[in-house]
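> Fold the stuff below for me.
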Amino acid sequence: MKKVSVVIPAFNEQASIGDTLRAIRERFFCDELIVVDDGSQDETAHIASKWADRVIRAPRNQGKGAAVQLGWKCAGGDVIMLLDGDLRDSAEEAVYLLAPVLQDVCDMAVAVLPPPTEKAGFGLARGLAHHGIRMLTGFEAKAPLSGQRAIRRELLDRLGSQDKGFGIEVGLTVDALRAGYRVAEVPVFFSHRETKNDWAGFCHRGKEFVAISRTLCRKWWEGKEWKRKS
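As a prediction, the model looks like this:
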């Protein structure tokens, strides 16, 4: 039986981390539940300590990608499930994301969430991620920015270091496909906090756009290096 570790990066998630962890504990089986508190200034770590097997506290905010990688390097499972801290009760749907990996249908399952209830932004970050992944791998990603993933440990160990910010999801998809692993997108009824058309929302999407651009440029260059050496 494969062991499953759940890794949740969290930054100032005191409003939702408790509900998310409780849903996992009560309705979804896992062998290990790890929360990486990425330099939160609120009660995230304190709340998480009531539910998680382990809470890793970063001394300062280092970015989502850095927190995710810190968590999976400490995890001991054969399958690593990456979930966001704001899924609340919908975290119980994780079983549907995990199943394809346990059944050996794919090596990395990516959750496709229901459409947002309200349109926000211009779709630039998502569009850049979609077209970048297609250009580099030929894969038509429906959810290129989804952070909800179930991944075989072997895959993560082989892919190595990823972007420390919001480019991690794009990097994982490109690297996994290039290495010949099977990536499948799975509809899952997760719900999480949606960004809005306000200053915070535009700042978040701006950071995503920069991180995705940085990651795609890096993957493009790595592809040229690989072709040159081969």
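
> low pLDDT regions in this protein?
120-121, 224-230 (pLDDT under 70).

> From the centre of it outward, give me the first residue you hit.
For the chain, Gly147 is the residue whose C-alpha lies nearest the centre (C-alpha atoms, centre = their mean; 2.6 Å).

> how about the nearest residue to that one, chain neighbours excluded?
Asp84 (5.3 Å; C-beta to C-beta, 6 or more residues apart in numbering). Placement of C-beta: from N, CA and C, glycine included.

> Would you mind measuring from the residue nearest to the centre of the chain to Asp37?
16 Å (C-beta to C-beta, to the nearest Å).

> just to revisit the earlier point, check the gap between the residue nearest to the centre of the chain and Val68 for me.
Distance from Gly147 to Val68, by C-beta to C-beta: 8 Å.

> isn't the residue nearest to the centre of the chain right up against Leu87?
No - judged on C-beta atoms under 8 Å, Gly147 makes no contact with Leu87 at a distance of 10.0 Å.

> ok, the residue nearest to the centre of the chain - contacts?
By C-beta atoms under 8 Å, 6 or more residues apart in numbering, the residues touching Gly147 are 64, 68, 82-84, 168-169.

> and stretch 140-157, C-alpha only, in CSV?
Below are the C-alpha coordinates for stretch 140-157, written out as CSV (Å, rounded to 0.1, in the frame of the first residue of the first chain):
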residue,chain,number,x,y,z
GLU,A,140,-3.0,21.6,-23.9
ALA,A,141,-3.4,22.3,-20.2
LYS,A,142,-6.9,23.1,-19.0
ALA,A,143,-5.6,24.1,-15.6
PRO,A,144,-2.0,25.2,-16.0
LEU,A,145,-1.9,27.1,-12.7
SER,A,146,-3.7,24.6,-10.5
GLY,A,147,-1.7,24.0,-7.3
GLN,A,148,-3.8,21.0,-6.3
ARG,A,149,-1.8,18.0,-7.4
ALA,A,150,-1.1,14.4,-6.6
ILE,A,151,2.4,13.3,-7.6
ARG,A,152,4.5,10.2,-7.4
ARG,A,153,7.5,10.8,-5.2
GLU,A,154,9.9,9.3,-7.8
LEU,A,155,8.9,12.1,-10.2
LEU,A,156,9.6,14.9,-7.7
ASP,A,157,13.0,13.4,-6.8
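
> can you map out the helices along this protein?
Applying DSSP state H to the chain gives helices spanning 17-27, 44-48, 64-74, 94-102, 124-137, 153-159, 168-178, 199-229.

> Which positions within the fifth one qualify as buried?
Pointing back at helix 124-137 there. 125-126, 128-130, 132-133, 136-137 (16 or more other C-beta atoms under 10 Å).

> Out of the residues you listed, flag the one nearest to Gln103.
Nearest to Gln103, judged by C-beta to C-beta, of the buried residues of helix 124-137 is Thr137 at 23.8 Å.

> could you measure the closest one against Gln62, distance?
Where Gln62 is concerned, Thr137 sits at a distance of 28 Å (C-beta to C-beta).
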